[in-house]
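In: Need a 3D model of the following:
(one chain, ligands or ions: 1)
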Amino acid sequence: WDRGKRKQAELPSRGFGPTVFSSYLASLANFRDTKRSLHAFSNQYGDRRFTFPLLGEWFVMCKSREHAREHSNIAEEVLSMEAAVEKLLQSRYTVGEQFCSETYHIPAIKTSLNINLASKLPEMLDEIARAYDEDVDTCIGDDWTPLWAPGVCTSLIARVSNRVFVGEKLCRNRHYRKLVEGFSDTIIRGGVLHACMPRFFRPFAGRLFRFIFGHHRRMVRLLSAEIVERQNNRATGKVQRNPNDMLEWLIEQPCDGPAHPEHTVESLAMRMLNVNFVALHTTTKTFIHVLYDLAARPEYLPILRDEAQSLLDPSNLASWTKESLARCIKLDSFVKESLRLNGPGPIWMPRLPTAEFRFSDGTVVWPGNLVAIAITAIHEDEVNYAHAKEFDGLRFVKMAGICAQEPDSDVGPLQADPELKWEHRLTGTSPTFLAFGSGRHICPGRFFASLELKSLLAGLILRYDVRMADEGVRPPDRLLGPVSTPAQAKVLFRKRQPKDC
Ligand code: HEM
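Out: Alright, predicted model coming up:
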């Protein structure tokens, strides 16, 4: 008999009746097709909170705008995101205690990264041009050539992101890239494995896991010389010699007091793993989905290309600016629509109550039972979006009420009215668009992610034609319970034909 179920017994739940073990049957059935089961629950109980048994957990789910708003704004001390993530990923075992206990990468992203976006853009654009030259141009010609989309996208995102995180030398270092590219997937898989083990066995399994993969050990080895040199520069008043990048912004974060005047190499290496964890996985998956959406819908290529060409100089990436990319509203809408329909799964923004907690509608949640938002039920609800299940690359341009014609002045419509349209831009969030979360833990890296994704996509459509081998068919996502990942598929690339230039 499941204790979690008894505790939430007053909430509606669609299971197999009140018999012993029924919750386990429901849990297995929900695992088989999580998204569809969750949508059925949501349609039935959408305006109330309901329980959703899945893999031995009792998720208390919500879907309505009011519930989503309340969920997003409750204090970390009451409904904890960190505790929920730790429970789901078992990261204390797979990466180590320090991975979960320190969080100074968050202020570094929130402030330093965001303040420096415009000044770091030229380096990102330089890395994008080099990456396309070296990793794509060398593999393709004037004829259609199949390229492994997940491989290409993972490598591009890791390379360009790390140009901003650790600089030119390390972002091209083979060993460094191998470490950061595989890190998130290994940790997520390891987390699932650990969650299935008996609790008493996890510390031992974790030690073995960390010994085998050695993520932290390898990161310390790769970064230690660089960190020591930068700290020496600081100590000898030559701080201006240090590059302005994420590693430096982490070093600058305040320490715990006089006993620890500066962060240790071990601590900084762990933070850099954490930065890569939050930044690469999400952005890479998004880029793969965007590429599939574009390759399967070739009608968008000329539309996006015309816009990019009119606002960005195709032969001179160095001339692109944050403002000129912001004016690419169709590109912005296309990526946002892809994010709307292709999240990493139907259960979103999990929280773990630290004590018994009562929501404003009277629902009581118990410590140990996870609370989450049914994101796909919101993103695919006809009440929120017309023809919600269909992909419309220009949806958010239309929703913002902006004429889908070319902007006819230098100013462009978004710059003319940025406040009004914010909600419909890629980085905008609302109770009906939660891909970047909302409220207290809203994604602080979304401005960086948006700039990176739009620069990469603009670069791609100005250089290449893309299509699926099976014309017009988008490869289906791979589903495993609540986790959805993009298909492992090839996309056909060819250099852009001269008649299109
Ligand atoms: C398309 C790419 C991305 C997506 C879809 C995404 C999505 C999200 C979501 C949904 C959350 C909130 C989770 C919750 O409330 O449970 C979040 C939080 C976070 N994201 Fe992102 N993210 C992306 C890219 C990035 C990047 C590039 C960075 C760093 C450079 C980043 C750093 C973070 C951090 C540090 C948090 C935790 C914030 C906090 O606890 O206050 N994200 N992200």
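In: Leaving out sequence neighbours, find the closest residue to V180.
Out: Among residues not flanking V180 along the chain, N276 sits closest, at 4.4 Å (C-beta to C-beta, 6 or more residues apart in numbering). (Glycine included, C-beta is placed from N, CA and C.)
In: quick one: secondary structure of the one you found?
Out: State at N276, reduced to three classes by DSSP: H, G, I helix; E, B strand; the rest coil: helix.
In: My read is that it contacts R177, right?
Out: No. If you go by C-beta atoms under 8 Å, N276 and R177 don't touch, sitting 10.4 Å apart.
In: okay, and the common contacts of these two?
Out: 158, 162 (C-beta atoms under 8 Å, 6 or more residues apart in numbering).
In: quick one: which of those two has more around it?
Out: N276 (25 against 17; other C-beta atoms under 10 Å).
In: And the pLDDT at that one?
Out: Per-residue pLDDT puts N276 at 98.
In: ok, now the one 5 residues further on?
Out: As summarised for this prediction, H281 has a pLDDT of 95.
In: Quickly list the domain ranges of this protein.
Out: With automatic domain parsing as the criterion, the domains of the chain are listed as 1-90+345-379, 104-343+380-500.
In: what's the closest of the ones you listed to the ligand?
Out: domain 104-343+380-500 (2.1 Å; C-beta to the nearest ligand atom).
In: That closest one and the ligand in contact?
Out: Yes. For domain 104-343+380-500 and the ligand, the contact criterion (C-beta under 6 Å from any ligand atom) is met by 106, 109, 113, 278-279, 282-283, 286, 435-437, 441, 443-446, 448-449.
In: so what's the most centrally placed residue in the chain up against?
Out: Centrality entry for the chain: nearest residue to the mean C-alpha point is T282, 2.4 Å, by C-alpha atoms, centre = their mean. The neighbourhood of T282, defined by C-beta under 8 Å, 6+ apart, consists of 344, 449.
In: element containing it, please.
Out: Assessed by DSSP states H and E, T282 sits inside helix 265-296.
In: what's the offset of that helix from the middle of its chain?
Out: 6 Å (C-alpha atoms, centre = their mean, to the nearest Å).
In: R218 reaches H175, doesn't it?
Out: Yes. Here R218 reaches H175: they are 7.4 Å apart, a contact under C-beta under 8 Å.
In: which one of the two has more residues nearby?
Out: A direct count of neighbours by other C-beta under 10 Å for R218 and H175 places R218 higher, at 18 against 10.
In: give me the low-pLDDT residue ranges for the protein?
Out: 1-7, 14-21, 257-259, 402-421, 499-501 (pLDDT under 70).
In: rerun at 50
Out: 1, 403-420 (pLDDT under 50).
In: The stretch 251-400 of the chain: strands as residue ranges?
Out: For the stretch 251-400 of the chain, the strands defined by DSSP state E, counting those that start in this stretch occupy 347-353, 357-358, 364-365, 371-374.
In: Please convert the ones you listed to JSON lines, extending it with distance to the ligand.
Out: Below are the strands of the stretch 251-400 of the chain laid out as JSON lines (distance: least, C-beta to the nearest ligand atom, whole Å):
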{"stretch": "strand 347-353", "distance to the ligand": "4"}
{"stretch": "strand 357-358", "distance to the ligand": "17"}
{"stretch": "strand 364-365", "distance to the ligand": "16"}
{"stretch": "strand 371-374", "distance to the ligand": "9"}
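In: Please identify the deepest-packed of the ones you listed.
Out: The densest packing among the strands of the stretch 251-400 of the chain, expressed as mean neighbour count by mean count of other C-beta atoms under 10 Å, is seen in strand 371-374 with a mean of 24.
In: Tell me which residues are up against that strand.
Out: Counting by C-beta under 8 Å, 6+ apart, 38-39, 41-42, 59-63, 67-68, 71, 79, 346-353, 365, 434 sit against strand 371-374.
In: so how far is that strand from its chain's centroid?
Out: With C-alpha atoms, centre = their mean, you get 17 Å for strand 371-374.
In: can you check stretch 188-204 too?
Out: Worked out by C-alpha atoms, centre = their mean, stretch 188-204 lies 24 Å from the chain centre.
In: Can you give me the buried ones in that stretch?
Out: 188, 190-191, 194-195, 202 (16 or more other C-beta atoms under 10 Å).
In: hmm, who's touching that stretch?
Out: Contacts of stretch 188-204 (C-beta under 8 Å, 6+ apart): 87-91, 93-94, 205-206, 209, 213, 281, 483.
In: could you redo the last one with a cut-off of 7 Å?
Out: 88-91, 93-94, 205-206, 209 (C-beta atoms under 7 Å, 6 or more residues apart in numbering).
In: go on, stretch 490-498?
Out: Against stretch 490-498 from outside (C-beta under 7 Å, 6+ apart): 136, 140-149, 291, 295, 463-469.
In: Buried by neighbour count: which residues of it qualify?
Out: Those buried within stretch 490-498 under the rule 16+ other C-beta under 10 Å are 490-493, 496.
In: same question, stretch 146-161
Out: 147, 149-150, 152-161.
In: on that earlier part again, out of the contacts of stretch 188-204, which is most surrounded?
Out: Within these, Y93 tops the neighbour count with 26 neighbours, counted by other C-beta under 10 Å.
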